[in-house]
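**Student:** model the following, please.
(one chain, ligands or ions: 2)
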Amino acid sequence: MKKKVALIFGITGQDGAYLSKFLLKKNYIVYGVKRRSSIINTHRIDDIYKDINSKSNFILFYGDLTDTSSIYNLIKKTRPNEVYNLAAQSHVQVSFEVPEYSAEVNSLGALRILEAIKNLNFETKVKFYQAGSSEMFGRTKDKFQNEKTSFYPASPYGVSKCFAHWITINYREAYNIFACNGILFNHESPIRGETFVTRKIIQGLIRIKNGNQKKLFLGNLYSKRDWGHAKDYVEAMWKMLQQKKPGDYVIATGKTFTIKDFVNRAAKKIGFKIKWVGKGINEKAINIENSKILIECKKRYFRPVEVEFLKGNAQKAKKLLKWSPKITLDNLIDEMIDHELENLS
Ligand code: NAP
Ligand code: F7E
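**Tutor:** Ligands and ions are numbered 1, 2, ... in the order given. Model prediction:
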């Protein structure tokens, strides 16, 4: 049987790495789009090259979501069955610093891929996945967010993802493209970007434990997030494209925790006994064993507007995709800690 071909934009990111490995196991040919950078940015997928069985089914090309012709040429050349758009300026706080670039990549990038599919007359040949985000719900007051919850984005990032979401629906309805939106809640892993809060907390606490860092500086400790594992979430992306009809799906665990909850769990597992003192920007975590300050809050890590509360309802995915998360928050934290310790040794 002819192998299926997948083209992944954003292959060098966290989800790109997990999705590549998932699809290679399913016997796909995986083509990936990486952008040029001054230092090599393929560390998350370098292990695939070492695997002799995957090597010939895994090829990377240079391209960029800001470059229309590279997108068009890559889709034409690789003739994929499935295109996954995971590429983005994905950092919410950074999107306040580079709002125009975030919209350029996250909004227009998605449009450029859809235009290429349409202009190549590949509407019936290609299935398209758009990486949407719970950040699109932003400041909603709904206690659980599902596919029917109204969007109220609270950052240039969230707004940019809303454009990508709606343009995906628009091209599905206008040109009959098999296009799906995943509305994914936060998902983490040992290869999560180092400036996202979960990885930052675990790396920071382990460095302090080993005497390589004095303190950890954080922002808002009281926002709540619904955290899952990237490994579970990429499977949901693939499942969306295997359905008879295209659709949009919330992917979440249905549980929510504060940043402080995450710190408490991680600190305990790493072997710290901590107590919290002070309030607001002056709140601190103290290491009970030596009375030293472990964590302090810093204004620069607070956002101009915060998304305070996210908790997803993934019932639609459970029913239609037969998807539910397998990895718990505690298992995720354990895996992240083990990976960090292994890296150090
Ligand atoms: P990530 O680790 O930040 O990866 C983003 C990927 O996009 C990287 O491969 C990056 O390349 C690439 N990229 C950035 N700008 C680009 C450009 N102009 N042209 C081409 N590629 C570009 O993000 P992730 O956590 O894997 O998330 C994957 C997608 O899901 C993103 O669209 C994100 O917004 C979305 N999402 C993530 C979460 C989550 O919790 N992880 C939740 C909901 C939605 P470099 O490696 O060169 O930087
Ligand atoms: O922040 C708070 C911060 O940057 C989580 C992206 O993958 O998920 C991610 O966006 C929370 C926020 O993720 C620090 O204020 C406190 O409330 O880890 P984060 P995010 O903003 O939720 C969504 C679903 C995406 O789509 C995005 O692409 O933690 N927080 N102190 C901090 N956050 C960071 N980064 N650093 C801190 O020091």
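**Student:** switch to C-alpha atoms for all contacts and neighbour counts from now on
**Tutor:** Fine.
**Student:** setting aside sequence neighbours, what's the nearest residue to Gln213?
**Tutor:** The shortest distance from Gln213 to any non-neighbouring residue, by CA to CA, 6 or more residues apart in numbering, is to Arg207 (5.3 Å).
**Student:** now name the helix or strand holding that neighbour.
**Tutor:** helix 197-209 (DSSP states H and E).
**Student:** next helix or strand past that helix?
**Tutor:** Immediately after helix 197-209, counting by DSSP H and E, sits strand 216-218.
**Student:** quick revisit: what about the residue nearest to Gln213, neighbour count?
**Tutor:** Number of residues near Arg207 (other CA atoms under 10 Å) recorded here: 18.
**Student:** likewise for the one 4 residues further on?
**Tutor:** Per other CA under 10 Å, the neighbour tally for Gly211 reads 9.
**Student:** got phi/psi on it?
**Tutor:** The phi/psi pair for Gly211 (degrees, to the nearest 10) reads phi 80, psi 20.
**Student:** that one and ligand 1: what is the separation?
**Tutor:** Relative to ligand 1, Gly211 is positioned 28 Å away (criterion: CA to the nearest ligand atom, to the nearest Å).
**Student:** if I look at that residue, how far off is Glu194?
**Tutor:** Between Gly211 and Glu194 the computed distance is 19 Å (CA to CA, to the nearest Å).
**Student:** one more: Ala174?
**Tutor:** Ala174 is 40 Å from Glu194, by CA to CA.
**Student:** for the residue lying closest to His187 once chain neighbours are set aside, give me its contacts.
**Tutor:** With sequence-adjacent residues excluded and distances taken as CA to CA, 6+ apart, His187 is closest to Gly228, at 4.5 Å. Contacts for Gly228 (CA atoms under 8 Å, 6 or more residues apart in numbering) come out as 185-188, 252-253, 325, 327-329, 332.
**Student:** may I see the buried residues of the helix holding Arg207?
**Tutor:** 197-207, 209 (16 or more other CA atoms under 10 Å).
**Student:** which two among those residues are spaced furthest apart?
**Tutor:** Val197 and Lys209 (18.1 Å; CA to CA).
**Student:** isn't Arg199 up against Arg192?
**Tutor:** Yes. The pair Arg199 / Arg192 is scored as a contact, 6.2 Å apart, by CA atoms under 8 Å.
**Student:** mind checking the SS state of the residue in the stretch 1-150 of the chain that ligand 2 sits nearest to?
**Tutor:** Residue nearest to ligand 2 within the stretch 1-150 of the chain: Ser90 (4.0 Å; CA to the nearest ligand atom). Here Ser90 is coil, with the state taken from DSSP: H, G, I helix; E, B strand; the rest coil.
**Student:** which residues touch it?
**Tutor:** By CA under 8 Å, 6+ apart, the residues touching Ser90 are Tyr157.
**Student:** do you know how far it is from Gly13?
**Tutor:** Taken as CA to CA, the span from Ser90 to Gly13 is 10 Å.
**Student:** and if you look at Asn287?
**Tutor:** Distance from Asn287 to Gly13, by CA to CA: 34 Å.
**Student:** more neighbours: the two, which one.
**Tutor:** Ranked by neighbour count (other CA under 10 Å), Asn287 and Gly13 place Gly13 first, with 23 against 17.
**Student:** residue contacts, the closest residue to that one other than its chain neighbours?
**Tutor:** In space, Gly13 comes closest to Arg44 once its chain neighbours are excluded; the distance is 7.2 Å by CA to CA, 6+ apart. Residues in contact with Arg44 (CA under 8 Å, 6+ apart) are 12-14, 17, 191.
**Student:** now render the residues you listed as TSV, adding secondary structure, distance to ligand 1 and pLDDT.
**Tutor:** Shown next, in TSV, are those (DSSP: H, G, I helix; E, B strand; the rest coil; distance: CA to the nearest ligand atom, whole Å; pLDDT from 0 to 100):
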residue	secondary structure	distance to ligand 1	pLDDT
Thr12	coil	4	98
Gly13	coil	3	98
Gln14	helix	4	98
Ala17	helix	8	98
Ile191	coil	8	98
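**Student:** and His43, what does it touch?
**Tutor:** His43 neighbours (CA under 8 Å, 6+ apart): Thr12.
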